[in-house]
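>>> Have a look; sequence and predicted model below, questions after that.
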Amino acid sequence: MSDDEEYLISYCNIKSGLIKYQKDFANKNIIEKFYQNPYMGFPICLPVGIKYFDYKNSIFFKIDNKKFSKKIFNTDNLDYVGNSKFFRYGNIFASNVLLKKKYIEKYKFYIKNFILKKKKIGQFKKKNKKICSMQIRNAPHFGHEAIFKFLIKRFDILVLNPIFGIKKKNDFNNKIISLSLKFMEKKYPKIIFLPLWSSFHYAGPREALHHMNLREKLNFDFFYIGRDHAGAQNIYKVDAASKLSKIYKDKFIIKSITSRGGYYCKKCKDYVIKGTCRHNDLLNISGTEFRLSLKNNKKYVHADKKLQNLIING
């Protein structure tokens, strides 16, 4: 995928109805509404010069980097990865664009992707299945698997519903995510792997609400929010995303499900959800260490060895 194809995908998601509070790329007034209402999630914006679009009738405007960073990413750090990604084409944006005719087939592909995903969720619901969606952007380690087991006990189906899109450097790519989650689909009978084409923003708690909106539009009734949901560089407090989801729960039809995260308990000698055993000697499992191990073709002790063999050899 080319770097700017993200905006074609965003356009398709807007036009298909996946984006709850937008019918077009955001303009200046819409962005102000997002600033004031965190439950709206993340504003989908279009920089100038993206090859997929005709800008001849567009309205152009400038986004203030500092204000956007503070309101949306909740940080003054303009070097934060979310800011770097959002402003990588500059700070001039446009609304009211037209899709160029030569990209209609790609447009149809992404629209069809959304329709098929929504239809599949609807089929499960017709069978009275209790379903939970979970966003995951990493190859899962045993800490993740502890969360899978926690959710499987509560739901008939756990849909691992990762976003496929442009990611920051060192994140797992879509191929590895696919290999990993198809492996989990075989390992756990109640798990289904169902990826979604969309965009990564690294907006932490704000993006957790954005993800809830996406899953609500996909027809899910429940969505799992992680400990550091969509965060990066350790700028967000643990549980900030789940707390924000509870503040704005009345703005959603979909319900958020949370936990305190998966850890290794040295006393139980098992992987547990924090708070489910009486012990305090818990080891936080590092996704960064897992990625580095795989990068160096080494086995990580806190992840399935068969999965790691698949990734390393695949």
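The structure has been received and is ready for your questions.

>>> And the helices in the stretch 201-314 of the chain, which stretches?
If DSSP state H, counting those that start in this stretch is used as the criterion, the helices of the stretch 201-314 of the chain fall at 204-217, 240-247, 287-295, 305-313.

>>> From the contact counts, what lies against the longest one?
Helix 204-217 is packed against strand 222-225, helix 240-247, with contacts defined by 3 or more Cβ pairs under 8 Å, 6 or more residues apart in numbering; DSSP states H and E. No exception for glycine: its C-beta is placed from N, CA and C like everyone else's.

>>> quick one: the last one to helix 204-217, angle?
Inter-element angle recorded for helix 240-247 and helix 204-217: 60 degrees (by axes from the mean of the first three to the mean of the last three Cα atoms, to 10 degrees).

>>> Can you name every helix or strand that helix 240-247 contacts?
Judged by 3+ Cβ pairs under 8 Å, 6+ apart, helix 240-247 is in contact with helix 204-217, strand 222-225, strand 255-258.

>>> Tabulate those (JSON lines), appending mean neighbour count.
What follows is the helices and strands packed on helix 240-247, written out as JSON lines (neighbours: other Cβ atoms under 10 Å):
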{"stretch": "helix 204-217", "mean neighbour count": "25"}
{"stretch": "strand 222-225", "mean neighbour count": "24"}
{"stretch": "strand 255-258", "mean neighbour count": "18"}
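
>>> Tell me which of these sits nearest to Ile14.
Nearest of these to Ile14, taken as Cβ to Cβ: helix 204-217 at 11.0 Å.

>>> avg pLDDT for that closest one?
What helix 204-217 shows for mean pLDDT is 97.

>>> Check stretch 293-304 too.
The average pLDDT within stretch 293-304 is 92.

>>> For it, buried residues please.
Neighbour counts over stretch 293-304 (16 or more other Cβ atoms under 10 Å) mark 293-294, 300, 302-304 as buried.

>>> again, but for stretch 20-36
So stretch 20-36, judged by 16+ other Cβ under 10 Å, has buried residues 20-22, 25-27, 30-31, 34.

>>> returning to what we had before: could I get the helices and strands packed on helix 204-217 in TSV, plus columns for distance to Arg88 and mean pLDDT?
Shown next, in TSV, are those (distance: least, Cβ to Cβ, whole Å; pLDDT from 0 to 100):
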stretch	distance to Arg88	mean pLDDT
strand 222-225	27	97
helix 240-247	24	95
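
>>> So which of the ones you listed is nearest Asn83?
Closest to Asn83 of those is helix 240-247 (Cβ to Cβ; 18.0 Å).

>>> ok, residues contacting the closest one?
38, 204-209, 212, 225-231, 256, 258 (Cβ atoms under 8 Å, 6 or more residues apart in numbering).

>>> got the CA coordinates for it in PDB?
The C-alpha trace of helix 240-247 is given here as PDB (Å, rounded to 0.1, in the frame of the first residue of the first chain):
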ATOM      1  CA  ALA A 240      -7.200   6.500  30.400                       C
ATOM      2  CA  ALA A 241      -9.000   5.100  27.400                       C
ATOM      3  CA  SER A 242     -11.300   2.900  29.400                       C
ATOM      4  CA  LYS A 243     -12.100   5.800  31.800                       C
ATOM      5  CA  LEU A 244     -13.000   8.100  28.900                       C
ATOM      6  CA  SER A 245     -15.200   5.500  27.400                       C
ATOM      7  CA  LYS A 246     -17.200   5.300  30.700                       C
ATOM      8  CA  ILE A 247     -17.500   9.100  30.800                       C
END
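
>>> which parts of it are buried?
By 16+ other Cβ under 10 Å, the buried positions in helix 240-247 come out as 240-242, 244-245.

>>> Considering the buried residues of stretch 293-304, which is situated nearest to Lys153?
Using Cβ to Cβ, Asp304 is the member of the buried residues of stretch 293-304 that sits closest to Lys153, with 19.6 Å.

>>> closest one to Leu151 among the helices and strands packed on helix 240-247?
For Leu151, the closest of these is strand 222-225, at 6.1 Å, according to Cβ to Cβ.

>>> helices and strands around that closest one, which ones?
strand 131-134, helix 204-217, helix 240-247, strand 255-258.

>>> ok, and what's touching the first one?
I take that to be strand 131-134. Strand 131-134 is contacted from outside by 121, 124-125, 147-148, 151, 154-161, 215, 218, 220-224, 257, using Cβ under 8 Å, 6+ apart.
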